[in-house]
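1. mind looking at a prediction? Sequence and model below.
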Amino acid sequence: MTGVALQGRHAVVTGGGSGIGAACAQALARSGARVTVMGRDRKRLCEQLGRLVSTHDAHARPAPCAQAVAVDVTQADSVDTAFAIASAAFGPVDILVNNAGHAQAAPFSRTDPALWQRMLDVNLGGVYLCTRAVIDSMVERRDGRVINIASTAGLAGYAYVAAYCAAKHGVIGLTRALALEYAAHGVTVNAVCPGYTDTPLLRESIAQIVAKTGRDEADARRELLRANPQGRFIAPDEVADTVLWLCSPGARSINGHAVSVSGGEVM
Ligand code: NAD
């Protein structure tokens, strides 16, 4: 997507070192935003930062276009510290893309309390902690966009990923509640719900199917591909384009939505 002007805006993308988060960071930087990529994996973050800077600072911007800040979105102290560092360098956060997440499959009877808690902490608790870190400042400035990368698993059930599904449904509930709470304060809150998207997380899910069922990789891929009526995996850039649109001035009335990017798998 081109033509969205975000010059001077500070955008934070959690889990911005890979997959959908990396595509969002590129799209936001391309539109002129100053982007903080946050994540746990320092090496991956630095590689992503290098790509952002070499692509976008080449256009002779007056100030650096990107920074990388380490965070564990499941830890309140880590989140507060990361957002303080990010804002000290690039100013208050105008756009927050809550993208960090993780999917681990297991039959429900083998979903032990630790797996259940891990899925809730990273996929739902992280959205809560990161949004909490920016919302007051957005309200104060009467301006902000919060975009939560949920999943079609936030809108429909899938077998063998009960904890992930529960967490992603929670993200959609949180999105809808915050959208109403902050509607009159200049802040919009929306969710983007990708279907199976070609990223490291998907490749890990395919490996989990192979390991747990003994099926071969091509067979596992075919099964996941069948979920999308278009018979293909979503590209990370398609999700990033939707995020960019939600950041545009024209989307200021879009609030509390869960936008499905899934080729019609879930509507
Ligand atoms: P990915 O594994 O490439 O990205 C996830 C990122 O989150 C990684 O960079 C990882 O380091 C980061 N992360 C994980 N735990 C973290 C933590 N505790 N603190 C900070 N960062 C952490 O996978 P992706 O597919 O790009 O996933 C991005 C988002 O999209 C996730 O929320 C995922 O649930 C969602 N999603 C993915 C798909 C898919 O098929 N790939 C489909 C629907 C939704």
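-> That came through, no problem.

2. quick one, longest helix in this structure?
-> In the chain, ranked by residue count with DSSP state H as the criterion, the top helix is helix 162-182.

3. in stretch 131-151, what counts as buried?
-> If you call a residue buried by 16 or more other Cβ atoms under 10 Å, then stretch 131-151 has these buried ones: 131, 133-135, 137-139, 143-151. To be clear about C-beta, it is placed using only N, CA and C from the backbone, and glycine gets the same treatment.

4. which ones among those residues map onto strands?
-> Of the buried residues of stretch 131-151, the ones assigned to strands by DSSP state E are 144-149.

5. can you narrow these to ones near the ligand?
-> Ile149 (Cβ under 6 Å from any ligand atom).

6. using CSV, please lay out the ones in strands among the buried residues of stretch 131-151 together with pLDDT.
-> Listed next are those as CSV, based on pLDDT from 0 to 100:
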residue, pLDDT
Gly144, 98
Arg145, 98
Val146, 98
Ile147, 98
Asn148, 99
Ile149, 98
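
7. and of the ones in strands among the buried residues of stretch 131-151, the nearest to the ligand?
-> Set against the ligand, the nearest of these by Cβ to the nearest ligand atom is Ile149 (4.4 Å).

8. just give me the neighbour total for the closest residue to that closest one other than its chain neighbours.
-> Leaving aside its chain neighbours, Ile149 sits nearest to Asn99 (4.3 Å; criterion: Cβ to Cβ, 6 or more residues apart in numbering). Using other Cβ atoms under 10 Å, Asn99 has 32 neighbouring residues.

9. hmm, Arg118 is touching Gln104, no?
-> Yes: using Cβ atoms under 8 Å, Arg118 is in contact with Gln104, at 7.0 Å.

10. what is in contact with these two at once?
-> Here Arg118 and Gln104 have Ala163 as joint contacts, going by Cβ atoms under 8 Å, 6 or more residues apart in numbering.

11. please, where are all the helices along the stretch 51-200 of the chain?
-> Applying DSSP state H, counting those that start in this stretch to the stretch 51-200 of the chain gives helices spanning 76-90, 113-120, 126-140, 162-182, 200-213.

12. pick out the shakiest of those, pLDDT-wise.
-> Among the helices of the stretch 51-200 of the chain, helix 200-213 has the lowest mean pLDDT, at a mean of 92.

13. next structured bit after the helix or strand Arg226 falls within?
-> In this assignment (DSSP states H and E), Arg226 forms part of helix 217-227. As assigned by DSSP H and E, the chain's next helix or strand after helix 217-227 is helix 236-247.

14. what residues does that following helix touch?
-> For helix 236-247, the surrounding residues in contact (Cβ under 8 Å, 6+ apart) are 1, 4, 6, 9, 11, 19-20, 22-24, 26-28, 31, 33, 95, 97, 145, 147, 149, 188, 190, 192, 194, 197-199, 251, 254, 259, 261.

15. after it, which helix or strand is next?
-> strand 258-261.

16. interface residues of the stretch 51-200 of the chain facing the ligand?
-> Residues of the stretch 51-200 of the chain lying close to the ligand by Cβ under 6 Å from any ligand atom are 71-74, 99-103, 122, 149, 151, 194, 196-197, 199-200.

17. please repeat the previous calculation with a cut-off of 8 Å.
-> 71-75, 78, 98-103, 121-123, 126, 149-153, 164, 168, 193-200 (Cβ under 8 Å from any ligand atom).

18. write the ChimeraX selection for whichever of the residues you listed are buried.
-> Command for ChimeraX that selects the buried part of those, burial taken from 16+ other Cβ under 10 Å:
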select :71,72,73,74,78,98,99,100,101,102,103,121,122,123,126,149,150,151,152,153,164,168,193,194,195,196,197,199
